[in-house]
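Student: Structure for this input, please:
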Amino acid sequence: MTNTLTPTLAPIYASDKNAQGLLEEARIAHEKFLIKQQDADLEHAIECYIDAIKSDPSISESYYRLASLLLIKGQISVDGALEQCKTAVTLEPNNANAHIYSGYFQCLNGDFEEAEKEFQLAISSTGKNSARPRLFLSKVILSKIKSHNSSAKDFVKYLYYLLSGSMMILWDCPSIKMFCKFLANDFSVFSYKTLGETFEKMKLFPSALDAYSKGLEKTSKSNLFYQKMGDLSLECNNIDASMEFYKKAYELNPSEREILIKLATISQTYYPENIDETIDYYNSLLEFGIDLDKIYYELGHLYLNKSDKVHAVTAFKLAQEMNPENPYYNNSLAYAYIKAELYDDAIEYYQLAIKLNPDAEWTSIVCHALGAIYAEVKNNYEAAEATFNAGMVLDPNNVDIQLSLGDLYMAQNDIDRAIKTYCDAISVEPDNYLTYAKTGLALWEKDYLEESIVAFHKSIELNPDFEISQNNLGVVYLDGIGDPKASVEYFKNAIEINPNYTLAYFNLARAYQIIGEKALAAEYFQMTLDLNKITEELSDKDIRKRIYELFE
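Tutor: Prediction:
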């Protein structure tokens, strides 16, 4: 008989041992969570309580403790927590803690009468160790007094349970033990934190990092010290280290919004290649429901960097709807619409941004963008001119908008006004090579050859690597002055700067053709033909015709 009973008893013993081990592991994680308030401990405690119930469903403690953690996590309602407590009380009717938890949940549910009954049951089953249920009960009675649904007897009961509970706390070993752990941990945290901050103020950064590292090792506030180490690394410009520390702090406590903000900001600023990771951080920040418009605004820019036009428009639109009076949101939404080629929508929101006008210089830039749409997309030159002029009134020193206005006049063949506008830009910013390049081109169109040469030379003097001025100066010498030998130098310069500059190859070939260097002309015409297959700037037919003409 002995041999036949052994296989049956062994699994029961093993199961009980496993359940108790899981329950103890859950208690430790639960206690750590209460001290450290870190989500990792909360998750571990929940997991262990669930496993303990699966291993042995008859242990009442697992149910009410699990209920409290699931309620904190938001995975069950108060009614769900009460159901768990009923199960615990059914399994162990004299378990004081089951009644205490049940009474606490009844308080949350607003049922003070039932809560009072549960705390009375807990008091009767604990005797001199009833400090906690007495203090809870005094709080319930106080709530009744505050609701004006009470009598003098209730006030006396309140004082009795408050005073007796306060006195009996001295015999409540679990509470005293937990209090001492809180106190010891808080003192250690304070000591290491203060020591590290002192070293920081003294600029002894390695010593500060060492103090925080010891605090990380010796206390239960790992997330706090990871955050301090992240802050210190960031101050020392050690970006990689700061990210690692912040990530560890966030893993320990994903509900810490401040750390998440730092992760998102650093990732966006220093790791532009990690766009998806940064987007994930900002999406996580949305869950907090704070500053949503700002988060959507940042997400919009990230989606633009990712060339995700649809999500960019959506993000900026959400930001703008939450704060329609923010000019920057309207401006960014308009820009996203341009990227999506929805120009009418872009015009609408650029106009709103201009109307809000937070700053003259900034609004002038927005006028420039809006004017460009009118000119380049809508071909509405009148609206473009009016918008450019409005931008120049806001900021007379905006050279870019002056150049665009000059380009607008050039497009309308109003060369005189274009020259005047370009010259005005030169007077505002005399060291801008682009203003001289555009002025030189306008002067060339009016056959002011000497003046055009002076302008192009000035542009090249300011920026020798601007290939367009090099090429255009060569054209003036070649087609204007009639000096092909002088032009060769500038065409070669343009090609050296930009080996894919098809037009410069074509012009150089023309110069050699006029000089009489047919072999070189043919070579550069052929190079032009080869490049033009990629750039498609010129007519292949015209190039081939010139090659044939060389050998007729």
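
Student: Check which element follows the host helix or strand of Ala67 along the chain.
Tutor: In this structure, Ala67 is located in helix 60-73 according to DSSP states H and E. Scanning the chain past helix 60-73 towards its C-terminal end, the next helix or strand to appear is helix 78-91 (assignment: DSSP H and E).

Student: Run through the neighbouring helices and strands of that following helix.
Tutor: Judged by 3 or more C-beta pairs under 8 Å, 6 or more residues apart in numbering; DSSP states H and E, helix 78-91 is in contact with helix 60-73, helix 96-108. (C-beta placed from N, C-alpha, C; glycine too.)

Student: Among those, show me which one is buried the most.
Tutor: Mean neighbour count, computed with mean count of other C-beta atoms under 10 Å, is highest for helix 96-108 among the helices and strands packed on helix 78-91, reaching a mean of 23.

Student: Can I get that one in CSV, CA atoms only?
Tutor: Below are the C-alpha coordinates for helix 96-108, written out as CSV (Å, rounded to 0.1, in the frame of the first residue of the first chain):
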residue,chain,number,x,y,z
ALA,A,96,-8.3,39.5,8.6
ASN,A,97,-6.5,40.8,5.5
ALA,A,98,-9.2,39.5,3.2
HIS,A,99,-11.7,41.6,5.2
ILE,A,100,-9.4,44.6,5.3
TYR,A,101,-9.0,44.6,1.5
SER,A,102,-12.7,44.0,1.0
GLY,A,103,-13.5,46.9,3.3
TYR,A,104,-11.1,49.1,1.4
PHE,A,105,-12.7,48.2,-1.9
GLN,A,106,-16.2,48.9,-0.4
CYS,A,107,-14.9,52.4,0.5
LEU,A,108,-13.8,53.0,-3.1
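
Student: what's next to it, contact-wise?
Tutor: Outside helix 96-108, the residues that touch it by C-beta atoms under 8 Å, 6 or more residues apart in numbering are 60-61, 63-65, 67-68, 71, 78, 81-82, 85-86, 88-89, 92, 112, 114-119, 121-122, 125-126, 129-130, 132-133, 136-137, 139-140, 143.

Student: And those residues, which of them are buried?
Tutor: The neighbour-count test (16 or more other C-beta atoms under 10 Å) applied to the contacts of helix 96-108 identifies 60-61, 63-65, 67-68, 71, 78, 81-82, 85, 88-89, 92, 112, 114-119, 121-122, 125-126, 129-130, 132-133, 136-137, 139-140, 143 as buried.

Student: Report the distance from the helix or strand where Ala122 lies to the chain centre.
Tutor: Counting by DSSP H and E, the secondary-structure element that holds Ala122 is helix 112-126. Helix 112-126 has its C-alpha centroid displaced from the chain centroid by 50 Å (C-alpha atoms, centre = their mean, to the nearest Å).

Student: Quick one: mean pLDDT over stretch 91-101.
Tutor: Computed over stretch 91-101, the mean pLDDT rounds to 80.

Student: what ranges of this protein fall below the confidence cut-off?
Tutor: Within the chain, the stretches falling below the threshold (pLDDT under 70) are 1-17, 31-38, 126-133, 135-137, 146-151, 154, 161-162, 164-190, 192, 220.

Student: tell me the domain ranges of it?
Tutor: Under automatic domain parsing, the residue ranges defining each domain of the chain are 12-177, 465-552.

Student: Kindly reformat these as TSV containing distance to Tyr448.
Tutor: Conversion of the domains of the chain to TSV gives the following (distance: least, C-beta to C-beta, whole Å):
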stretch	distance to Tyr448
domain 12-177	74
domain 465-552	10
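
Student: mind checking which of the ones you listed is nearest Ala208?
Tutor: The closest of those to Ala208 is domain 12-177. By C-beta to C-beta, the value is 22.0 Å.

Student: Leu285: what's it in contact with?
Tutor: Here Leu285 is in contact with Arg257, Leu260, Ile261, Ala264, Ile295 (C-beta under 8 Å, 6+ apart).

Student: buried ones in the helix or strand hosting it?
Tutor: Counting by DSSP H and E, the secondary-structure element that holds Leu285 is helix 275-286. With burial defined by 16+ other C-beta under 10 Å, the residues of helix 275-286 counted as buried are Ile275, Thr278, Ile279, Tyr281, Tyr282, Ser284, Leu285.

Student: Quickly name whichever of those is closest to Glu43.
Tutor: When the buried residues of helix 275-286 are ranked by distance to Glu43 (C-beta to C-beta), Ser284 comes first, at 16.5 Å.

Student: so how far is Ala122 from the nearest residue to Leu234 once chain neighbours are set aside?
Tutor: Residue nearest to Leu234 in three dimensions, not counting chain neighbours: Ser242, with 4.1 Å by C-beta to C-beta, 6 or more residues apart in numbering. Relative to Ala122, Ser242 is positioned 49 Å away (criterion: C-beta to C-beta, to the nearest Å).

Student: swap in Glu61?
Tutor: 14 Å.

Student: Name the residues that touch the helix holding Ala67?
Tutor: Contacts with helix 60-73, where a contact means C-beta under 8 Å, 6+ apart, come from 23, 26-27, 30, 33, 42, 45-46, 49-50, 52-53, 76-78, 80-82, 84-85, 87-89, 91-92, 95, 97-98, 101-102, 105.

Student: mind saving the C-alpha coords of that helix as CSV?
Tutor: Extracted in CSV, the C-alpha atoms of helix 60-73 (Å, rounded to 0.1, in the frame of the first residue of the first chain):
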residue,chain,number,x,y,z
SER,A,60,-7.0,33.1,-0.2
GLU,A,61,-4.1,35.6,0.1
SER,A,62,-3.3,35.4,-3.6
TYR,A,63,-6.8,36.6,-4.6
TYR,A,64,-7.1,39.9,-2.6
ARG,A,65,-3.5,40.9,-3.2
LEU,A,66,-3.8,40.2,-6.9
ALA,A,67,-7.0,42.2,-6.9
SER,A,68,-5.3,45.3,-5.4
LEU,A,69,-2.6,45.3,-8.0
LEU,A,70,-4.9,44.7,-11.0
LEU,A,71,-7.0,47.6,-9.7
ILE,A,72,-3.9,49.8,-9.6
LYS,A,73,-3.0,48.8,-13.1
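
Student: Next, the angle from that helix to helix 96-108.
Tutor: Using axes from the mean of the first three to the mean of the last three C-alpha atoms, to 10 degrees, one finds that helix 60-73 and helix 96-108 are set 30 degrees apart in direction.

Student: Helix 60-73 vs helix 78-91, what angle?
Tutor: Helix 60-73 and helix 78-91 meet at an angle of 170 degrees, taking the same axes, to 10 degrees as the criterion.

Student: Redo the helices and strands packed on helix 78-91 as JSON lines? Include distance to Asn305.
Tutor: Shown next, in JSON lines, are these (distance: least, C-beta to C-beta, whole Å):
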{"stretch": "helix 60-73", "distance to Asn305": "35"}
{"stretch": "helix 96-108", "distance to Asn305": "46"}
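
Student: Which among those helices is found nearest to Glu382?
Tutor: Of the helices and strands packed on helix 78-91, the one closest to Glu382 (C-beta to C-beta) turns out to be helix 60-73, at 62.9 Å.

Student: how close does the residue nearest to Leu356 when sequence neighbours are not counted get to Ser284?
Tutor: With sequence-adjacent residues excluded and distances taken as C-beta to C-beta, 6+ apart, Leu356 is closest to Pro327, at 3.8 Å. Between Pro327 and Ser284 the distance, using C-beta to C-beta, works out to 28 Å.

Student: Quick check: next helix or strand after the helix or strand hosting Gly21?
Tutor: Taking DSSP H and E as the criterion, Gly21 maps to helix 2-36. Beyond helix 2-36 on the C-terminal side, the first helix or strand identified by DSSP H and E is helix 39-55.
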